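Need coordinates for the below:
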Amino acid sequence: MLPPFKSLSFLAVAGLLSTSAMAIAAGSAPSFDVARISNDIKTLSSDEFEGRGPATRAETKTIDYVAGQMKAAGLKPAGQKGTWFQDVPLRMSNISGTPTLSMTIGGTAQALTQGGEVAIRAAETGQSSVKFADLPLVFVGYGVKAPERGWDDFKGVDLKGKIMVVLVNDPDFEGGEGDFGGELMTYYGRWTYKYEEAARQGAAGVLVVHESEPASYGWATVKNSNTNTMFDIVRTDPKSAHTQMEGWVQKDLAARLFAASGIDFDAAKAAARKKDFQPIPLKATMSADYAVKSEIITSHNVAGLVQGSKYPNETVIYSAHWDHLGIGAPDAKGDTIYNGARDNASGTAALLELARAYAKGPKPERTVLFLAVTAEEKGLLGSEYYADSPLRPLATTAGVINMDGPLGIEKTTNFSISGSAKLGMLDLLTEEGEKLGRHYTPDARPEAGSFYRSDHFSMAKRGVPAISFNPGRELVNGGAARGKELGDIYTRDRYHQPADEYDASWDTSSWQGDMTLLYNVGRRVADSHVWPNWSADSEFRATRDASEAQRK
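Residues are numbered from 1 along each chain as shown. The predicted structure follows:
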């Protein structure tokens, strides 16, 4: 794992900090109202908010609640035309009715069940229907084309009119050749990359083989995330980023596809971990027939700010996504509301409580923007839109602290960030955490590719130093082992499922400390005129450096 990067601009030199910043460093952060945070989570994740799906009646209820709390806290509206809102145009797509899906495997036809053997997404190409018959399937390993790493899984294969079958995660996740970070997932390992590459390769469709370990979640998460309403940014040419059919296939069915072709699935995986892998045509075809309803809708980000007293044109952002999955397929208990209590009513509640603290306390020297974004669950779309059309210039945005499930399940001795990154913001977080008796540990699940799955990534790839806070899982009671156990239970039984509900019996002993750490880091950036940066070897450094002239 990568150690924290020590940025000269973030060494704790008292002369670089204002009086208010030094007071914060001395431990004068406000007290946070845990009961109020709990009530915000309870409200936002209640059945009345219907899972907070974008472009539903629940969106209006949600964004009005968030804006109302910002107003009550004393923030100023920071949206468009003096409002609390930023319009986010999105393409919304749904499969109409039940899709007809089938495969012919080794000469034998088999009907497929949506959400059973496969999870097929509504086409995001703008087309009104998907209909094809007996398209051949081709296994292309991990579906990676990375010339800078000397890696090409395609080797010139023609995928036009064919369905691409691909493994999730990176080629070296389970050993083998390649330089993709081992267990630390790169963007090449994300399913979003697989879909994009399929479009670049001209494939007719793509199926990602699901396995819980390399995906970092179970089939329930795949089913619930992919068989409901799909959203995308509005693209000039959507077919440049999407094929007509994108989806997932259960491992057991994939193994049958390989067996019918005289190939052992595990042997094929082993071959795909080598640079000399060659695409493998499978003795199977797929057919599909379903209608797609596609329309352009407008969702909304919510934005409020506390204006800076000394550098009002410079910005520090706290962000969290307000959306979840809305209403979807019933679980075993018949529950259809995906309440999203921890994911991410908790982050939204933390955002609101931080806003109250900043509004009531001494004014920060830089402006602090509190940004609740939409459509994170659909691919970081609200933050992507903000980063592309910012309400405040990114060149003068000092840093971003994102919160996605930021409150500990119990009190911890550590903390972390999503994924692995080298930047001065992490140094600050580490220093402030140590003052509170907590230590930084690298992401406990590097295989999950969390750096690419949170809203801070939209800002990071445009050069803005950005982190997504993780409260850690080295528990005071039971250590890392028990923390892992509880985390695994949440991922298995609640994550992206109706069971992610508010529970009045939650242990909130970590919340005061989590909020204090989040406040202290943001306040330190807000009350200093130094500029965070990435490490010299970071892929985001050049973009950040290029903005220096604009800042000046």
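
Which stretches in the stretch 1-150 of the chain count as strands?
Taking DSSP state E, counting those that start in this stretch as the criterion, the stretch 1-150 of the chain contains strands spanning 76-77, 85-105, 108-112, 118-120, 129-139, 145-146.

ugh, wrong one, I meant the stretch 251-400 of the chain
Using DSSP E, counting those that start in this stretch, strands in the stretch 251-400 of the chain cover 280-306, 311-321, 326-327, 337-338, 366-373, 397-403.

And the fourth one, what does it pack against?
Applying 3 or more CB pairs under 8 Å, 6 or more residues apart in numbering; DSSP states H and E, we find strand 337-338 packed against strand 326-327. Glycine gets a C-beta too; all of them are placed from N, C-alpha and C.

same thing with the last one?
Helices and strands touching strand 397-403, by 3+ CB pairs under 8 Å, 6+ apart, are strand 311-321, helix 346-360, helix 456-460, strand 466-470, helix 511-526.

do you know which of those lies nearest F139?
Nearest to F139 among the helices and strands packed on strand 397-403 is helix 456-460 (29.2 Å), distances taken as CB to CB.

average pLDDT for the closest one?
In this model, helix 456-460 has an average pLDDT of 95.

For D500, list the residues it contacts.
By CB atoms under 8 Å, 6 or more residues apart in numbering, D500 lies in contact with S45, H324, Y338, N339, G340, A341, R342, D343, Y490, R494.

Just among the residues you listed, which is most surrounded?
Each of these was scored for neighbours by other CB atoms under 10 Å, and G340 scores highest at 33 neighbours.

Please look at it and R52 and confirm they touch.
Yes. Here G340 reaches R52: they are 6.2 Å apart, a contact under CB atoms under 8 Å.

Touching both of those two, which residues are there?
Joint contacts of G340 and R52 (CB under 8 Å, 6+ apart) are D323, H324.

Let me know how buried the nearest residue to Y188 once chain neighbours are set aside is, in neighbour terms.
Leaving aside its chain neighbours, Y188 sits nearest to V144 (4.8 Å; criterion: CB to CB, 6 or more residues apart in numbering). By other CB under 10 Å, the residues close to V144 number 25.

Same question for S287.
With other CB under 10 Å as criterion, S287 counts 17.

how close does it get to K251?
Relative to K251, S287 is positioned 21 Å away (CB to CB, to the nearest Å).

Please apply the same query to R494.
Applying CB to CB to R494 and K251 gives a distance of 23 Å.

swap in S319?
Counting by CB to CB, the gap from S319 to K251 is 35 Å.

quick one, which of these two is more surrounded?
S319 (29 against 14).

residues touching the residue nearest to R492 when sequence neighbours are not counted, list them.
Spatial nearest neighbour of R492, chain neighbours left out: G218 (5.9 Å); criterion: CB to CB, 6+ apart. Contact analysis of G218 by CB under 8 Å, 6+ apart lists S212, T491, R492.

buried subset of those residues?
S212, T491 (16 or more other CB atoms under 10 Å).

Give me the subset of the contacts of G218 lying in helices.
Among those, DSSP state H puts S212, T491, R492 in helices.

Would you mind measuring from the first one to A499?
I take that to be S212. Distance from S212 to A499, by CB to CB: 17 Å.

Serialize the helices and strands packed on strand 397-403 to CSV and add fields for distance to R36.
As requested, these are arranged in CSV below (distance: least, CB to CB, whole Å):
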stretch, distance to R36
strand 311-321, 16
helix 346-360, 6
helix 456-460, 25
strand 466-470, 19
helix 511-526, 11
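
and D537, which of the ones you listed is closest to it?
Using CB to CB, those put helix 456-460 closest to D537, at 14.9 Å.

Which residues outside the closest one are in contact with it?
By CB under 8 Å, 6+ apart, helix 456-460 touches 317, 319, 380, 383-384, 386-387, 394, 397, 400-402, 418, 421, 451, 466-468, 540.

What residues of that helix count as buried?
H456, F457, S458, M459, A460.

Just the C-alphas of that helix, formatted as PDB.
The C-alpha trace of helix 456-460 is given here as PDB (Å, rounded to 0.1, in the frame of the first residue of the first chain):
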ATOM      1  CA  HIS A 456     -14.700  12.600  -4.900                       C
ATOM      2  CA  PHE A 457     -13.400  10.800  -8.000                       C
ATOM      3  CA  SER A 458     -15.200  13.200 -10.300                       C
ATOM      4  CA  MET A 459     -13.200  16.000  -8.800                       C
ATOM      5  CA  ALA A 460      -9.900  14.100  -8.500                       C
END
